[in-house]
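**Q** Structure for this input, please:
(2 chains)
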Amino acid sequence: MSAPHALLEARGIGKSFFGISALEDVDFTLQQGEIHALLGENGAGKSTLIKILTGVYRRDRGTIYLEGNEVSPDDVAAAQALGIGTVYQEVNLLENLTVAENLFLGRQPRRFGMIDRRTMRERSRTLLERYGLNIDVDALLSSYSVAFRQIIAIARAVDLSGKVLVLDEPTASLDANEVKGLFTVLRQLREDGVGIVIITHFLDQVYEIADRVTVLRNGRLVGSRAISELPRLDLISMMLGRELQHITRDHQAEPETIDDRGAPSIQFQNYGKKGSVAPFDLDIRPGEVVGIAGLLGSGRSETAFLLFGIDRADSGTATIDGQQVSIASPEAAIANRFGFCPEERKTDGIVGDLSVADNIVLALQAQRGWMRPISSAQKRELADSFIKSLDIRPADRERPIKFLSGGNQQKAILARWLVTEPRLLILDEPTRGIDIGAHAEILKMIERLCAEGMSLVVISSELEELTAVAHRVIVLSDRRHVAELSGRQLTTDGIIRAIAGTGETEAA
Amino acid sequence: MIHARNLPFVTTLAIFVIAYGLCILQFPNMLSTRVIGNLLTDNAFLGIAAVGMTFVILSGGIDLSVGSVIAFTSVFVAVLVGSFGVHPLTAFLAALVISTLFGCLMGAMIRYLMIPPFVVTLAGMFLARGAAYLVSTQSVPITHEFIDTMLGFYIRFPGGGRLTLLAMVMLIVFAVGIIVASRTRFGANVYAIGGNIQSAELMGVPVGATTIRIYALSGFLSGLAGIVYTLYTSSGYSLATVGVELDAIAAVVIGGTLLTGGVGLIAGTFIGILLQGLIQTYIVFDGTLSSWWTKIVIGILLFVFIVLQRTIIWYSDRRLAVRQLKEV
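**A** Numbering: from 1, shown residues only, chains lettered A, B, ... in the order given. As a prediction, this is how the structure comes out:
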């Protein structure tokens, strides 16, 4: 197995979109017969790297070697021909075709120029038997479950390419048994000498199947290690970008204990939803910032969806000022004076073609109902005052919001909720994709708002940001609230340990 | 084995057989080979155009230019032969080249300028119609020895019916269409693009080349339909065949092809054409019904089929869900 060259080697890969760098100087090496996990948070550049290797995107910089020869796959077909096959998470195969048609699309066996259906059927059967699938290859793909489709997609990719197999989140929609089946197939392929790249956010599965991991963060390479030499704690700090020994910062200002803030005004008890987040208790006091930390897929955003009524809780109660309330929809949440800035600002937050002013008054208008429109004078006044107080630039309330920078869009969305004078504001990744100046301003604003008595829930994968602004941090792992840190425990170190599940033992 | 996706086709076939049976009960003469021969000849140009339309719809697109291209071709051929004395075969060839290139151009615009097919072919519809007016606004009669020979060629059925050359052309187009759709890589790519264009692209289907070829094929068949129409009416007229693309779409949908693409059969379109022809024939036999009843019945059939397709999709989704539950 010690070939003179690595199976696939990428050196100094760089790629930017519209001037924004997505990947910078990333190296990646895949050996023959190796399962290599590619890890990182949202926006780390995993998908971009994969798409460059498989010919979907063209790289701006860098070189790719396949078995020692420089290659340059310009499109998917070229990458497939070179031997690099991919199975994507979402767009997979074609449901309207039969299994056999899917397996041989574009390379159907032919006789006299006509597709030879009989040979195609027979070859499909033998191909799938190798994967332990004994199914009707003439049935439509849509009649099989996701797990079967996944294996069919892998069979196609390996049969087509045969050297490198790239799997993007292959286990995201599989149950435990199906995952086991998939891993058996992957181990068999590893035996056969296929190099496998797997993107996943399930760390347990990484430790179960992978030989090696490469971690990306913010478009840069953090490191590449053999999994046997990498304790879970180190892996998590690689992903979250903090070296444990380098953490010198303590949570500075925590003069008051939590109890000084008075009784909790908003209480969630045993609140949860099956398949989304396990039941949790959460008390929020006026003027308190509660942070939520966890890896991608740990249930961070799902918790926010529950709190804001986007997902409906199937257990537990919500209490506001001692009165039990039902938060079954965002409308109900808004009526209880909750606000929510979602993670996907572009798709879920702004209405790009509306003006800044229109975007700012949107939630207030929704709260008042369509029968009581906001007058344009009132709208102007509100917009101008928030543009001024939040320093939104350019200070032009009539400009369509899509022409503003990310940081200013984020401020406008914050303004949208602030005009409704919420008692609880939920911010999901409020500082993602915005420049450093705006970043600091938003953190400052969070502090100011809680000084005014507003409660905030802040979700972030930037641990330093959380430890800086939050009074308490709830740590999530595997869709479960596993720890609550406050006071002196509230350090990036503590959060990482809690995520890794060693918090109790080490802290004690 | 009957796939759920072929159920609409089977249903159309059943409806056709039942409807034909009922017609024969009322008018036994409708069974005669004469009626069948005429039905095929009368609908030959529509059938040819509908084969092209089936490929377009299977790929998830639409071609609104069909009727206009037929009109343009027929005027163009009539003027070349009638006024300029060009040999019919040369005129046919020129017309086919023009209509095919026209289809190529529309396909390229759809793919490379990323304009929806509806818009591109709507523009093509106006363009071809305008070009037809430009050639001649008059009805141009066409007489030529060669054309008379062509029209005189037919196979006689027992019972006095005739399978004319025009009907033969349509049957050949359908036969070739069925083979291309089901037995060639091009056909498989058409289904793939109609199923999910992104998946198809990621699976390595040459989406650009295939799209251009689909619309080129539709253009070519529209041109061929125009030639057949010219022979059928022995004239070319720029105001003719308005809305024929809609009749073709109706035949395709009644034949069981999903308007969203990816599912359907060329043979289904053939039954769709026969069903439309059957309704017209029935109205002629009845003699008291207005010809508008054709449109009404086709409208009702379209509604029935759209509802039927929805139901089948719901049903197969539910069956899948049940099966997956059982697996767990």
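**Q** Okay, and A:F340 sits in which element?
**A** Here A:F340 is covered by strand A:338-341, with elements defined by DSSP states H and E.
**Q** Look up the closest residue to B:L274, ignoring the ones flanking it.
**A** Sequence neighbours aside, B:F16 is the residue nearest to B:L274 in space, at 6.0 Å (criterion: C-beta to C-beta, 6 or more residues apart in numbering or on different chains). Heads up, the C-betas are built off the backbone N, CA and C, glycines and all.
**Q** sorry, back to before: the strand holding A:F340 packs against which elements?
**A** Judged by 3 or more C-beta pairs under 8 Å, 6 or more residues apart in numbering or on different chains; DSSP states H and E, the packing partners of strand A:338-341 are helix A:300-307, helix A:406-418, strand A:424-428.
**Q** The shortest one pairs with which strands, parallel or anti?
**A** Strand A:424-428 has its sheet partners listed here by DSSP bridges as strand A:338-341 (parallel), strand A:455-459 (parallel).
**Q** between that strand and helix A:300-307, how many degrees?
**A** Between the direction of strand A:424-428 and that of helix A:300-307, the angle (axes from the mean of the first three to the mean of the last three C-alpha atoms, to 10 degrees) works out to 150 degrees.
**Q** Which is the succeeding secondary structure element to strand A:424-428?
**A** Following strand A:424-428 in sequence order, the next helix or strand is helix A:436-451 (DSSP H and E).
**Q** quick one, what contacts the nearest residue to A:R107 once chain neighbours are set aside?
**A** In this structure, A:R107 finds its nearest non-sequential neighbour in A:L160, 7.2 Å apart by C-beta to C-beta, 6+ apart. Contacts were defined as C-beta atoms under 8 Å, 6 or more residues apart in numbering or on different chains; by that measure A:L160 touches A:Q80, A:G85, A:R107, B:G204.
**Q** Now for residue 163: which residues touch it?
**A** Chain wasn't specified; assuming chain A. Applying C-beta under 8 Å, 6+ apart, one finds that A:K163 lies in contact with A:L7, A:L8, A:L66, A:E67, A:L82, A:G83, A:I84, A:V194, A:G195.
**Q** My question was about chain B, not that one.
**A** B:G37, B:L40, B:Y154, B:I155, B:R156, B:F157.
**Q** can you do 7 Å?
**A** Listed by C-beta atoms under 7 Å, 6 or more residues apart in numbering or on different chains, the contact set of B:L163 reads B:G37, B:L40, B:Y154, B:I155, B:F157.
**Q** Could you do A:V361 as well?
**A** Applying C-beta under 7 Å, 6+ apart, the residues near A:V361 are A:I374, A:K379, A:L382, A:V419.
**Q** ok, back up a step: a markdown table for the strands paired with strand A:424-428, including mean neighbour count, mean pLDDT and distance to B:L289?
**A** Output for the strands paired with strand A:424-428, formatted as a markdown table (neighbours: other C-beta atoms under 10 Å in any protein chain shown; pLDDT from 0 to 100; distance: least, C-beta to C-beta, whole Å):
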| stretch | mean neighbour count | mean pLDDT | distance to B:L289 |
| --- | --- | --- | --- |
| strand A:338-341 | 24 | 87 | 62 |
| strand A:455-459 | 24 | 89 | 69 |
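**Q** And those strands: which comes nearest A:V99?
**A** strand A:455-459 (41.5 Å; C-beta to C-beta).
**Q** Pick the one among the contacts of A:V361 closest to A:T214.
**A** Comparing the contacts of A:V361 against A:T214 with C-beta to C-beta picks out A:V419 as the nearest, at 45.1 Å.
**Q** Out of the contacts of A:K163, grab the one that's most surrounded.
**A** Counting neighbours by other C-beta atoms under 10 Å in any protein chain shown, the top entry in the contacts of A:K163 is A:I84, with 29 neighbours.
**Q** Give me the local confidence score for that one.
**A** At A:I84, the model reports a pLDDT of 90.
**Q** now swap in A:A44 and tell me
**A** Reported pLDDT at A:A44 in the predicted model: 78.
**Q** Based on its surroundings, how many neighbours for the residue nearest to A:R111 when sequence neighbours are not counted?
**A** Distance criterion C-beta to C-beta, 6+ apart; nearest residue to A:R111, sequence neighbours excluded, is A:T119 at 7.6 Å. Look at A:T119: counted by other C-beta under 10 Å, it has 14 neighbours.
**Q** do the same with A:P279
**A** Close neighbours of A:P279, defined as other C-beta under 10 Å, add up to 17.
**Q** Let me see the contact set for it.
**A** A:P279 touches A:N270, A:Y271, A:G272, A:S315, A:G316, counting by C-beta under 7 Å, 6+ apart.
**Q** Please report the distance of it from chain B.
**A** Separation of A:P279 from chain B (C-beta to the nearest C-beta, to the nearest Å): 24 Å.
**Q** Equivalent analysis for A:W417, please.
**A** Separation of A:W417 from chain B (C-beta to the nearest C-beta) stands at 35 Å.
**Q** do the same with A:Y144
**A** The gap separating A:Y144 from chain B is 8 Å, by C-beta to the nearest C-beta.
**Q** okay, now that residue: neighbour count?
**A** Neighbour count for A:Y144, taken as other C-beta under 10 Å: 23.
**Q** Now the strands paired with strand A:424-428 in JSON lines, please, with extra columns for distance to A:R58.
**A** As requested, the strands paired with strand A:424-428 are arranged in JSON lines below (distance: least, C-beta to C-beta, whole Å):
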{"stretch": "strand A:338-341", "distance to A:R58": "34"}
{"stretch": "strand A:455-459", "distance to A:R58": "34"}
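**Q** Nearest residue to the middle of chain B?
**A** Relative to the mean C-alpha position of chain B, the nearest C-alpha, by C-alpha atoms, centre = their mean, is the one of B:A50, at 0.5 Å.
**Q** Looks to me like A:G62 is in a strand.
**A** Yes: counting by DSSP: H, G, I helix; E, B strand; the rest coil, A:G62 is found in a strand.
**Q** Quick check: it touching A:R11?
**A** Yes: under the criterion of C-beta atoms under 7 Å, A:G62 makes contact with A:R11 at 5.8 Å.
**Q** Just want to know which of the two has more residues nearby.
**A** When A:G62 and A:R11 are compared for neighbours, A:G62 comes out ahead with 18 against 15, by other C-beta under 10 Å.
**Q** In space, what's closest to the more buried one - neighbours in sequence excluded?
**A** The shortest distance from A:G62 to any non-neighbouring residue, by C-beta to C-beta, 6+ apart, is to A:I13 (3.7 Å).
**Q** A:T63 now?
**A** In space, A:T63 comes closest to A:R11 once its chain neighbours are excluded; the distance is 5.1 Å by C-beta to C-beta, 6+ apart.
**Q** just checking, B:T164 touches B:T41?
**A** Yes: counting by C-beta under 7 Å, B:T41 is a contact partner of B:T164 at 4.7 Å.
**Q** Quick one: the helices in the stretch 151-300 of chain B, in order.
**A** When secondary structure is read from DSSP state H, counting those that start in this stretch, the stretch 151-300 of chain B shows helices at B:165-183, B:185-195, B:197-202, B:207-233, B:244-254, B:266-286, B:292-327.
**Q** quick one on the thing from earlier: quick check: next helix or strand after the strand holding A:F340?
**A** Toward the C-terminus, strand A:338-341 is succeeded by helix A:356-368 as the next helix or strand (DSSP H and E).
**Q** got a list of contacts for the very next helix or strand once past that following helix?
**A** Counting by DSSP H and E, the next helix or strand C-terminal to helix A:356-368 is helix A:376-389. Residues from elsewhere that reach helix A:376-389, judged by C-beta under 7 Å, 6+ apart: A:V356, A:A357, A:I360, A:V361, A:A395, A:R397, A:A415, A:L418, A:V419.
**Q** For B:R183, see how far away the residue sitting furthest away from the middle of chain A is.
**A** For chain A, the residue at maximal distance from the C-alpha centroid (C-alpha atoms, centre = their mean) is A:F112, at 49.6 Å. According to C-beta to C-beta, to the nearest Å, A:F112 and B:R183 sit 10 Å apart.
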